[in-house]
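**Student:** take this sequence and fold it.
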Amino acid sequence: MKAKTESRKPILSLQFLFGELYGQAGYQKAKWYHDAKTYASLLHRLVDTIMLTIDMNMARTDGYHRMQLLKECENAHKALKGLKTVDHLSESFLVFQTRLFFTLIGLMPKRLLSKSVRNIESNWQLDDYRTILWTQTNVQKLRLILSLCQREYVDRVLPIQELLKIKRTQCNDDPDKFLSWFKKQYPDIYLDIF
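**Tutor:** So this is what the prediction gives:
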């Protein structure tokens, strides 16, 4: 007798996550998965994408930190390979995400032998080796402003086409000039964003 395969429809947010990451094809693949093997392939793809993202976007960290993050990804691949159920795959992926998150913040706590750990600030300051410091170039600030002006502040600023025209003509496509102009024209929005 052939074993019945586990067929399930994932929660909508998982489908949209794959759509946001991989487009319509990703959405369709995540829409239905009929067995643990298909689900595992989706999770392996996510781990691969996270590894690539670490390589492409973590410009200012020590080599050891980068190596720790990539090692968490490699460990996730190994852990996922031996699992046969969707529940076990999900649990393993949750472990990976949690370990990756804390390693990304700065340090994965090692408290296995502690009797109890309370949720107080002193227990969760994980900056022994590094502190996250986000930086933005003026080009990135410009992109953020333009993006937010189309979504969050659409009713408080000039239409996007007008803003782009000012950027192009008045500011000669210079991000510094446009940021100065925007800051003078919309100081409250500028302060809200930055």
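
**Student:** tell me the pLDDT of residue 180.
**Tutor:** Residue 180 is assigned 97 on the pLDDT scale.

**Student:** quick one, helices of this protein?
**Tutor:** Per DSSP state H, the chain carries helices over the ranges 12-31, 36-57, 63-81, 86-105, 138-151, 160-165, 175-185, 187-193.

**Student:** can I get the helix or strand of the chain with the lowest mean pLDDT in CSV, CA atoms only?
**Tutor:** Scoring the helices and strands of the chain by mean pLDDT, DSSP states H and E places helix 12-31 at the bottom, with a mean of 90. Extracted in CSV, the C-alpha atoms of helix 12-31 (Å, rounded to 0.1, in the frame of the first residue of the first chain):
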residue,chain,number,x,y,z
LEU,A,12,-1.2,33.2,2.8
SER,A,13,1.7,35.1,4.3
LEU,A,14,4.1,32.4,3.2
GLN,A,15,2.8,32.5,-0.3
PHE,A,16,3.2,36.2,-0.4
LEU,A,17,6.7,36.0,1.1
PHE,A,18,7.8,33.8,-1.8
GLY,A,19,6.1,36.1,-4.2
GLU,A,20,7.9,39.1,-2.8
LEU,A,21,11.2,37.3,-3.0
TYR,A,22,10.9,35.3,-6.2
GLY,A,23,8.0,36.9,-8.2
GLN,A,24,5.0,35.1,-9.6
ALA,A,25,6.8,31.8,-10.1
GLY,A,26,7.8,31.8,-6.4
TYR,A,27,4.3,32.6,-5.3
GLN,A,28,2.9,29.7,-7.5
LYS,A,29,5.5,27.2,-6.2
ALA,A,30,4.6,28.1,-2.5
LYS,A,31,0.9,28.2,-3.2
